[in-house]
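Asks: everything below, folded, please.
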Amino acid sequence: MPSPVRVIVVGAGSRGGTYSDYASIHPEHWSCVAEREKFADAVFICTPDRLHKDPAVALAKKGYHILLEKPMAVTLEDCREIAEACIQSGVILTVCHVLRYDPVISKIKTLIDSGVVGDVIHIQHLEPVGFYHFAHSFVRGNWRNEAESSFALLAKSCHDLDLIHHWAGGRRCIKVSSFGSLSHFRKENKPPGAANRCLDCSVESNCPYSAKKIYLDRVKEGWVRWPVSVICSSSVPDIESVTEALKTGPYGRCVYECDNDVCSNQVVNMEFEGGLTASFTMVAFTEEICERKTSICGSRGELSYNGKEISVFDFLTQTSTKHTVHKNVPGDFNSGGHGVADYHLVDAFISAVASKDPLLIQSGPKETLASHRLVFEAERARLEDRVVFCETDHD
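Replies: Now for the predicted structure:
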């Protein structure tokens, strides 16, 4: 049996807490860790997006294996620097593209590789963010403002472009276009008579984005997990602590009076080598929260995924086959969100470190850098309103 893997967690927010459920925490500021002689095997870096590059590079050079929250970094150059540091230092880099480790998503890749749809011709993928999830994270929350975090496609949907890149099977994206904007959550859409905070608002009852509905009503019903837990990170969520957070903190603000500027809806169109085309849509205004929908059209069949199960229609037999996957995992990882995928991600990383086998990781530094590059080029296409011809590391 392999020896236990010693892990340091850098960053104690929501994601750091999730990943550290797997291991013991050694709480020190990352710069103190970098100054010491190496005293653990690996590090989980779960700092805010703009604070990924420095600890990742410094700790890779110290010889620590790296599990890095996505995105890698907020510029392509920083992403390259992280990848290069890990390659040169000979350490394992796992960026938390957790969807690759979801058993259902893994099954989609297995089915594609088995040839059930023939040659993949087109991929259509939707991420429905969810109306109150977007209000929580991208209007009031930590990822609302590009200057403070990153643009929405990188912060929210680098998962999804990574999946498309994964399903394309090694074919390089050669050109990309993108369109999108911030819709609705603007000052000009503030209802007449609305206050700057939901608890003071006379029209709150008619607003679906009311902080009272999203947080206070939930805690009154006994719900203390996400998103309620986020707004009371230093105390146990209850009616009193949530009320105080809404009176004084960022999550109690009117959604039409925030300093948000990231896209609420965006489409990305891609062409890969060999003529494979792909289309991705991210939209805030949905009932479902992050229940991705996928259609993969091939020369012999069509694979459909509705967020819960996979169905494959065979063109020859004109029959459909449903595929279900066992998703139970230990402990609190079963409690929703990316929980099941989080468990398999951390399990793969710990196993890779323990056995010194980077092949247990679903994407190494080069492939992760390639999918991040696609995100940056898609955003450049949106900002410049043109088709962008994609670069490679050799361009």
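Asks: and the residue lying closest to residue 252 once chain neighbours are set aside, how many neighbours?
Replies: The shortest distance from residue 252 to any non-neighbouring residue, by CB to CB, 6 or more residues apart in numbering, is to residue 246 (3.4 Å). Yep, even glycine has a C-beta here, placed from its N, CA and C like the rest. Using other CB atoms under 10 Å, residue 246 has 23 neighbouring residues.
Asks: past the helix or strand bottoming out on mean pLDDT in the chain, which element shows up next along the chain?
Replies: Across the helices and strands of the chain, mean confidence by mean pLDDT, DSSP states H and E is lowest for helix 14-20: a mean of 47. Once the chain leaves helix 14-20, the next helix or strand it forms, by DSSP states H and E, is helix 30-35.
Asks: give me the contacts around that next one.
Replies: The contact list for helix 30-35 (CB atoms under 8 Å, 6 or more residues apart in numbering) reads 8, 10, 43, 45, 47, 54, 55, 58, 59, 62.
Asks: what's the mean pLDDT across whatever helix or strand comes next after that helix?
Replies: Next in sequence after helix 30-35, counting helices and strands by DSSP H and E, comes strand 42-45. The pLDDT scores in strand 42-45 average 94.
Asks: cool, and stretch 353-368?
Replies: Computed over stretch 353-368, the average pLDDT equals 95.
Asks: what comes up buried for that stretch?
Replies: Within stretch 353-368, the residues that count as buried by 16 or more other CB atoms under 10 Å are 353, 354, 358, 360, 361, 362, 363, 364, 365, 367, 368.
Asks: need the max-distance pair from those.
Replies: Based on CB to CB, the longest span within the buried residues of stretch 353-368 runs between 354 and 367 and measures 22.1 Å.
Asks: residues near the closest residue in space to residue 372 that isn't next to it in sequence, how many?
Replies: Distances taken as CB to CB, 6+ apart put residue 79 closest to residue 372, at 4.9 Å, once the chain neighbours are dropped. For residue 79, the neighbour count with other CB under 10 Å is 24.
Asks: again, but for the one 5 residues further on
Replies: Burial of residue 84, expressed as a neighbour count using other CB under 10 Å, amounts to 14.
Asks: please tell me how far it sits from residue 92.
Replies: According to CB to CB, to the nearest Å, residue 84 and residue 92 sit 15 Å apart.
Asks: show me which residues of stretch 235-245 are buried.
Replies: Result for stretch 235-245 [16+ other CB under 10 Å]: buried residues 237, 241, 242, 243, 245.
Asks: centre of the chain to it, how far?
Replies: Taking CA atoms, centre = their mean, to the nearest Å, one finds stretch 235-245 lying 27 Å from the centre of the chain it belongs to.
Asks: please enumerate residues in contact with that stretch?
Replies: Outside stretch 235-245, the residues touching it (CB under 8 Å, 6+ apart) are 199, 215, 216, 219, 220, 224, 228, 229, 231, 232, 251, 252.
Asks: whichever of those end up buried, select them in ChimeraX.
Replies: Only the buried entries of the contacts of stretch 235-245 go into this ChimeraX selection, using 16+ other CB under 10 Å:
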select :215,216,219,228,231,232,251,252
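Asks: understood, closing this out.
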